[in-house]
Structure formats: structure tokens, C-alpha cells
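Asker: Below: sequence and its predicted model.
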Amino acid sequence: MYVVVVNEKAGNGRALKQWQELETIFTSKQVDFQLVLTESAVETRERLWEVKKASLKIKAVIIIGGDGTVHTVIQDIAETAIPIAILPTGSGNDLAKSLKLSSSPKVFAEALLRHQVRGMDVLHVNGSYCITVAAAGMDAEIADHVDRSVYKRWLNTVKAGSLAYVIGTLAIVRKFKPAHADIFIDDEKYIAENVWLLACGNTTSYGGGMNICPLAHPADGLIDITFLHSVSRMSILWKLLPKVFLGTHLNEKGVANFKGKKIMISANRPLKVIADGEVISETPVTIQVKEKGIKILLTSKK
């Protein structure tokens, strides 16, 4: 049996439309499933826990939503034998883009039934799991600002959700104050002044296509950390931001990039911490990689 988690709010209702099309396909192919319709992270976890408690044989948990819904589901699925499958309908869909997952219900269903499972790393961030990027500093402020905004919902209706993060960046970079940070990468210490952001990638991008960690790979057993320090606001806006979208920023002044298995970050003031675009805590933060910590069904075109 497949458990289908549908975030009714994802993509301003696109998740429900995608599910209706997928349900028709499942019915025609006599696929056994249990539907979990939710509107919040708390409700998702409660319902998913109830299904697991019923001791039903779960082939996979199908997630119809965005990166935020995936983040919620993996809190109870990571480091178990149950794989996930993703039909992306969110505003950013960075995980789906990184893995080249299809957004077509027909292609998704065909790939799902082939049941090709792969192991993928996950990050453990102050007690929470993260499958894409965990970050502290300005990027966390941007994510929080965008999530609370009215324009995100409007842009989702015209299928331009990624622009919300560009608007959010323009709003936050003007007022964010850089911090002093101490960074331990596998017990080697780095001291950074005037730090704008620190991004720890399992995959390459966040914010709807910002390739902040272009060298990250979700199955190499390593965390890719990129941090931005000692640069001006104007340089961020006019030079670095365009390069981040292209993933060509690593050789620019003020950009540092490293890899490791365990990263600890502290700062001279509390900085918000995000995982998969969701605010989960503040610094200090410890991030560790869990190799092959999640099983995922490949649902791209054959």
C-alpha cells in the first residue's frame, strides 16, 4: 500500500489538482493507497504517525507538495526502511529540480510502479532532518520573510513562486547586519568576520533555484558548506546574487567553500537556522550527515 500525503495548501491548490489526476491513474491501475490530506506540518506528522502505528505494510510515502512538505514527512521517515516518492507542487521545488523529478502525474505513476529505490544522504540539524540545504544568517531571514509574505501566495497563482525569493532577498539584504561566526568543520576551526550567510548543502540549491552549494552531491557522504563574508551590500545585489543563480560564485571574493561530515556554527548573536526552507532553530547549530539516511523512488522520465 502507498500512503499519499497531499498538502492542500501547496502551490495555491495545485497539489489537489495533481492528486486528482494521479488518483484517476491509480484507480485505473488498481493501485492500493491511503490518502492523507493535510493543511499543516503538525497535522501531517500526526496523521502519518497514525498510519505507521496501524502496522500497515507501506510500499512508499508519496508526497504531493513542495520542499516544506517533504521536510515535514522525512522527520518520521528518515532512517527507516520506508522510501519516499515526490510529485512536486510547491513554490521552489529545489529537491525535485536537483533530482530531475517529473511534475507530470502520468510520468510519476509510471516511474513509481517501476519501484527504483536509491539511497540518499540526509542532514541532521539540531535534532531535525534536512534533505536539501540547512542555513544560518541572511538566507534564513529571507526564507522566513518570504514564507510570511502575501506576494508568495500571489506569485504561486501565476506559477512564478521562485520570484518570491528574489523579492525577499532585495528586501532583507538592505537591513541584515553581518555577524561574527566561529565555524568548526570536522573539528577544524575557522573564524569569519562580517558573515552574511552560511549554507550547508546536501543538494545544490534553495530558494527556488539559487545554486548556493553547486558542488554538493546528495550521495557522497559529505556536507558542502558555502559562506559569504566581508563583502558589501551592493556587491551582493549586483555581483554575487546573479552568480548564485548560475552557481558560478565560488571563486568570487568573500565566498568560501568547504566539505565535511560534521559542521558546528556559533555566532556573536543568535542567527535563525533553516532546513529545507523552514525555520527550525537558532545558532549555535550542529549539522551532521547521515549517509544514505533516506530512501527515495526515482520518478523522472525513463
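Answerer: Happy to help now that I have it.
Asker: Flag the helix or strand of this protein with the lowest per-element mean pLDDT.
Answerer: Sorting the helices and strands of the chain by mean pLDDT, DSSP states H and E puts helix 150-157 at the bottom, at a mean of 70.
Asker: mind listing the strands for the stretch 201-302 of the chain?
Answerer: In chain order, the stretch 201-302 of the chain shows strands spanning 223-229, 255-260, 262-267, 272-275, 278-282, 285-297, with DSSP state E, counting those that start in this stretch as the criterion.
Asker: out of these, which comes closest to residue 247?
Answerer: Nearest to residue 247, of all these, is strand 223-229, at 10.3 Å by Cβ to Cβ. Heads up, the C-betas are built off the backbone N, CA and C, glycines and all.
Asker: quick revisit: next structured bit after the least confident helix or strand of the chain?
Answerer: If you walk from helix 150-157 toward the C-terminus, the next helix or strand you reach (DSSP states H and E) is helix 163-172.
Asker: Tell me the buried residues in that following helix?
Answerer: With burial defined by 16 or more other Cβ atoms under 10 Å, the residues of helix 163-172 counted as buried are 164-169, 171-172.
Asker: any weak-confidence spans in this structure?
Answerer: By pLDDT under 70, the weakly predicted segments of the chain are 10-12, 55, 153, 156-161, 301-302.
Asker: hey, which helix is longest across it?
Answerer: When the chain is scanned for its longest helix (criterion: DSSP state H), the result is helix 14-28.
Asker: Can you add mean neighbour count and give the strands of the stretch 201-302 of the chain back as CSV?
Answerer: Converted to CSV, those look like this (neighbours: other Cβ atoms under 10 Å):
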stretch, mean neighbour count
strand 223-229, 24
strand 255-260, 18
strand 262-267, 20
strand 272-275, 26
strand 278-282, 17
strand 285-297, 19
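Asker: Could you dump the ones you listed into CSV with distance to residue 49 added?
Answerer: Below are the strands of the stretch 201-302 of the chain laid out as CSV (distance: least, Cβ to Cβ, whole Å):
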stretch, distance to residue 49
strand 223-229, 28
strand 255-260, 33
strand 262-267, 29
strand 272-275, 20
strand 278-282, 19
strand 285-297, 18
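Asker: so where do the strands sit in the stretch 1-150 of the chain?
Answerer: Taking DSSP E, counting those that start in this stretch as the test, the strands found in the stretch 1-150 of the chain are 2-7, 33-38, 60-65, 84-88, 117-125, 128-130, 133-137.
Asker: Ok, which of the ones you listed comes nearest residue 214?
Answerer: For those, distance to residue 214 was read as Cβ to Cβ. The smallest value, 11.6 Å, belongs to strand 133-137.
Asker: so what does that closest one touch, helix or strand wise?
Answerer: Taking 3 or more Cβ pairs under 8 Å, 6 or more residues apart in numbering; DSSP states H and E as contact, the helices and strands that strand 133-137 lies on are strand 188-201, strand 262-267, strand 272-275, strand 285-297.
Asker: Recalculate using a threshold of 6 Å.
Answerer: Counting contacts by 3 or more Cβ pairs under 6 Å, 6 or more residues apart in numbering; DSSP states H and E, strand 133-137 is packed against strand 188-201, strand 272-275.
Asker: Direction included, what does the shortest one pair against?
Answerer: Using DSSP bridges, the neighbouring strands of strand 272-275 in the sheet come out as strand 133-137 (antiparallel), strand 278-282 (antiparallel).
Asker: Give me the neighbour count for the closest residue in space to residue 57 that isn't next to it in sequence.
Answerer: Among residues not flanking residue 57 along the chain, residue 1 sits closest, at 6.2 Å (Cβ to Cβ, 6 or more residues apart in numbering). Residue crowding around residue 1 was assessed by other Cβ atoms under 10 Å; the count is 13.
Asker: Report the separation between the nearest residue to residue 256 once chain neighbours are set aside and residue 299.
Answerer: Sequence neighbours aside, residue 227 is the residue nearest to residue 256 in space, at 5.3 Å (criterion: Cβ to Cβ, 6+ apart). From residue 227 over to residue 299 the distance is 33 Å, taken as Cβ to Cβ, to the nearest Å.
Asker: give me phi/psi at residue 261?
Answerer: Taking degrees, to the nearest 10, you get phi -100, psi -20 for the backbone angles of residue 261.
Asker: Could you give the bridge partners of the nearest residue to it once chain neighbours are set aside?
Answerer: With Cβ to Cβ, 6+ apart as the measure, residue 289 is the residue that lies nearest to residue 261, at 5.3 Å, once sequence neighbours are left out. With DSSP bridges as the criterion, residue 289 is bridged to residue 123.
Asker: Would you check that residue 289 makes contact with residue 121?
Answerer: Yes: because the distance of 5.5 Å satisfies Cβ atoms under 6 Å, residue 289 is recorded as touching residue 121.
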